[in-house]
Structures are given as structure tokens and as C-alpha cells.
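Enquirer: structure for this input, please:
(one chain, ligands or ions: 1)
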Amino acid sequence: MGLGGVLEDWRRDPSRTLRLEQDYARSLPFSLRPYGHWLSHAREFGELKVGLWTVPGSPSVALVSWKAFPGMGTRVSHLFVDSPAPSPTLLSDILAVLSEREGPVFALTDLLAGLSPEEVRPLLQEMGYVHFEHVDTVFPSGKPLPPVPTTGHWSFRSIAPSDEAVLVEISCRAYAGYEEQLMWPTLDLRRDLMDYVRDSLSGGEEKLILGASLLAFAGEVPVGYILSSLPSNGNPYVASVQVDPAFQGQGVGRALLLQVLSELRALYPAQDVGLTYVRQNVRGRALYESVGFEPLPAEQRRTAGSWLSRKALASLPQSSVKPGWGENGE
Ligand SMILES: CC(C)(COP(=O)(O)OP(=O)(O)OC[C@H]1O[C@@H](n2cnc3c(N)ncnc32)[C@H](O)[C@@H]1OP(=O)(O)O)[C@@H](O)C(=O)NCCC(=O)NCCS
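Expert: As a prediction, the model looks like this:
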């Protein structure tokens, strides 16, 4: 069903709003991953709302879905514009109203269907949003695997759920001073990382591959780790690569990654191994490219990028939720 059809349906029966996200997810050429751990420290997830934006006398119509996190702000999940002459000012108008009524829009997807990215980009940048492009890569199943370097004095062992505290500590150190490259909005990095590690170790939505999730040691000291998971598409996925800064640049990241790849090759010989990073992450990118990960063609991208405004997040407004917006097409 195209946008027009879904909108018509919605006009006829607004009670369907919560199912709209599902409808769209099916009609899009890529999967929309829920950002489950975003703002996970808030615990109580914001409520999903869907609104229709119309301007009197204008044929333009936009469908917006967002989550309002009371006391924190708003994350726009989807925006679909149906207009004979789409204008980026439509976007700034929508963001202004959402920010005023629901709290500052701190994040929005870059899937702004119906608006041209070339027009949207300068507008959002001017408003203080930073773009995070998620680079989806794979290590192809048929590609020869580089050998694990033997020069470093690292040892590896499989991660166990009892390693949670160690993983959190390494993650906190790895991300310290690195916040500008964080693609998720964070108010409490340790809490976010704790949630992430805990979710991952408990299986979460995607199954952790324990045999290919490794902790690296220099002697007795844990210095880095990698988590691998098995998403529902059946292709193993390298989900988290972290090295303690005190041990970075010494080869542990490369050795760990190659060891994990060799474990995954043994477990899933016919499967490509996926890995996603954000383009800002120059160190990660250099590592993944040098090991042999290849970017997926645009049509096979699995994840969408995002825009983030730390300024909006920093303002931390009190809840200003005013329900009802969009119900009568205002
Ligand atoms: C990315 C990261 C895991 C690399 O680990 P590392 O142990 O420092 O990496 P290595 O010493 O094995 O280096 C491997 C390659 O990474 C790249 N690299 C490492 N440090 C780099 C730096 N400061 N600048 C640019 N490239 C760098 C290089 O390509 C390097 O290969 P080379 O030594 O032949 O030039 C580490 O920097 C880290 O934990 N960063 C913070 C968390 C993070 O961003 N994780 C990845 C999320 S997708």
C-alpha cells in the first residue's frame, strides 16, 4: 500500500495509528530497526504517536511518527511527505511544533521520505543536528580469512554472562572522550553501556554467539572484547568491538577481530559476517577495511542513518506533552 492509500485508511479510521508503523515497515525497501537501546537508561520507553500534518489550503500532507520521552524530548521515527512541491521548511515547521509541544526533537531518522536529502541536510545542520551514516559492511563467506597475528601477547577466551562488569568497564573506557562519535543520544554513558551489555549478554532480541564473543587479555588484565550475535536473517553479526584505550594501537583490536572471524567461519562457513559502524568512526573504519570488510551496496543496506542534536538533548526540558496534536489535522 502506497503512502496515499495508508493515509486514506488512516483518515477513515484513526484508531489504526499504532499499526501504521507496521504497514510502513513492510512497504519500505529496507528493514527499520527499532533503536531499542537508545535512551535505554530512561527505562520507560516513550509512547509512540502518529500524527498527520496538513496545512490549510495546501495539498501537502505529511505523516509523522515519534516517541515523546517525558522530561527529555522527542525522537522522530518516521516522516513521510506527500506533496507536489515538497519544501524543507515543512520539515523545520514540523520539528518546531513537535519541539514546542512534546519536548525538543533530539533525534530523527534520515528516512525523510518525500524530502530531498540535498535540501534537508543543510537545514538540519544549521539547526545543530549531526548526521550519523551507518555503514553496513560484510566479510564475504567466500573471502579468504587473514591469519590471526601472533605478534601480540594476547590471549582470548569466550565471554560468559558473568563477565558483565568487565565488559561495562572496558566499554566505558573505550568510549571516554569519544562522545561526539556516539550515534545514540546519551545522558549517562555508563548506564547506557551497562544496559547494552546486559541486553546483549541476556540474549536480547538477537541471540549472542557465545563461542564467537571473546574477551582479550594481556596477561591477567582484560583489555578488549567483541560480541557476536545471530540476527533473524541468519547471518552472523559482529555487534560490538571495544579495546581499552591504554591498549589501543597495539594490535589487540585486529587480533581479536580476526580471531572472532575465524570462530564465525568455523561455525557458519557459508554465511557472510555483517558489521555496521558509523562513518565518523575513523579508527573502526580503518580496522574493518584493513581486515577485509566490504561496504554493502546501497540497496542491501540493513540500517538507516540518523540525525542527532546534542543541543536539544542537553536542554532537558520538563515534560510538556500535550496529547491530541494531529487528531484533527491541525
Ligand atoms: C576501533 C578500535 C576497536 C581499534 O582497536 P585497536 O586495538 O586500537 O586497533 P589495532 O591496534 O589492532 O589497530 C588495527 C587498525 O585499526 C586502525 N587504527 C587503530 N587506531 C587508529 C587510530 N588512532 N587512527 C586511525 N586508525 C587506527 C588502523 O587501521 C590499524 O591498523 P594499522 O595498525 O595496521 O595501521 C579501538 O580504537 C576502540 O575500541 N575504539 C573505541 C570503541 C569503538 O569505536 N569501537 C568500534 C565500534 S564500531
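Enquirer: which parts of the stretch 101-250 of the chain sit against the ligand?
Expert: 174, 178, 241-243, 248-250 (C-beta under 6 Å from any ligand atom). C-betas here are computed from N, CA, C, even on glycine.
Enquirer: quick one: which of those residues is most hemmed in?
Expert: residue 243 (25 neighbours; other C-beta atoms under 10 Å).
Enquirer: quick check: bridge partners of the closest residue to that one other than its chain neighbours?
Expert: Nearest residue to residue 243 in three dimensions, chain neighbours excluded: residue 224, at 3.7 Å (C-beta to C-beta, 6 or more residues apart in numbering). With DSSP bridges as the criterion, residue 224 is bridged to residue 216, residue 243.
Enquirer: now do the contacts for residue 224.
Expert: 170, 174, 215-216, 241-244, 247, 252-253, 256 (C-beta atoms under 8 Å, 6 or more residues apart in numbering).
Enquirer: likewise residue 291?
Expert: Applying C-beta under 8 Å, 6+ apart, the residues near residue 291 are 139, 146, 254, 257-258, 261.
Enquirer: how many neighbours does the residue of the chain found nearest the ligand have?
Expert: With C-beta to the nearest ligand atom, the shortest gap between the chain and the ligand falls at residue 253, namely 2.4 Å. As a burial measure, residue 253 scores 25 neighbours (other C-beta under 10 Å).
Enquirer: would you list the contacts of residue 224 in a markdown table and tack on pLDDT and distance to residue 154?
Expert: Listed next are these as a markdown table, based on pLDDT from 0 to 100; distance: C-beta to C-beta, whole Å:
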| residue | pLDDT | distance to residue 154 |
| --- | --- | --- |
| 170 | 97 | 14 |
| 174 | 92 | 16 |
| 215 | 98 | 10 |
| 216 | 97 | 5 |
| 241 | 95 | 14 |
| 242 | 95 | 14 |
| 243 | 96 | 10 |
| 244 | 96 | 12 |
| 247 | 95 | 9 |
| 252 | 96 | 5 |
| 253 | 96 | 10 |
| 256 | 97 | 7 |
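Enquirer: which residue ranges form the strands in the stretch 101-250 of the chain?
Expert: Using DSSP state E, counting those that start in this stretch, the strands of the stretch 101-250 of the chain run over 105-109, 112-113, 130-132, 134-139, 154-158, 207-208, 214-218, 221-230, 237-243.
Enquirer: contacting residues around the closest residue to residue 194 other than its chain neighbours?
Expert: Excluding its sequence neighbours, the residue lying closest to residue 194 (C-beta to C-beta, 6+ apart) is residue 168, at 5.0 Å. Listed by C-beta under 8 Å, 6+ apart, the contact set of residue 168 reads 190, 193-194, 197.
Enquirer: for residue 121, same thing?
Expert: residue 131.
Enquirer: so where does the residue of the chain closest to the ligand fall, helix or strand?
Expert: helix 252-267 (DSSP states H and E).
Enquirer: so where's the stretch 101-250 of the chain shaky on pLDDT?
Expert: 179, 187, 203-206 (pLDDT under 70).
Enquirer: neighbours of the residue nearest to residue 173 when sequence neighbours are not counted, just the number please.
Expert: Nearest non-adjacent residue to residue 173, counting by C-beta to C-beta, 6+ apart: residue 244, 5.1 Å away. For residue 244, the neighbour count with other C-beta under 10 Å is 20.
Enquirer: for residue 244, what are its contacts?
Expert: Residue 244 neighbours (C-beta under 8 Å, 6+ apart): 170, 173-174, 222-224.
Enquirer: now residue 215
Expert: 156-159, 163, 166-167, 222, 224-225.
Enquirer: how about 7 Å then?
Expert: 156-157, 159, 163, 166, 222, 225 (C-beta atoms under 7 Å, 6 or more residues apart in numbering).
Enquirer: likewise for residue 109?
Expert: Contacts of residue 109 by C-beta under 7 Å, 6+ apart are 76-78, 304, 306.
Enquirer: likewise residue 237?
Expert: 228-229, 231, 274-275.
Enquirer: and of those residues, the nearest to residue 129?
Expert: residue 275 (25.5 Å; C-beta to C-beta).
Enquirer: could you find the closest non-adjacent residue to that closest one?
Expert: residue 238 (4.3 Å).
Enquirer: against residue 116, how distant is the residue nearest to residue 99 when sequence neighbours are not counted?
Expert: Computed as C-beta to C-beta, 6+ apart, the closest residue to residue 99 that is not its neighbour in sequence is residue 105, at 5.2 Å. In this structure, residue 105 and residue 116 are 20 Å apart, going by C-beta to C-beta, to the nearest Å.
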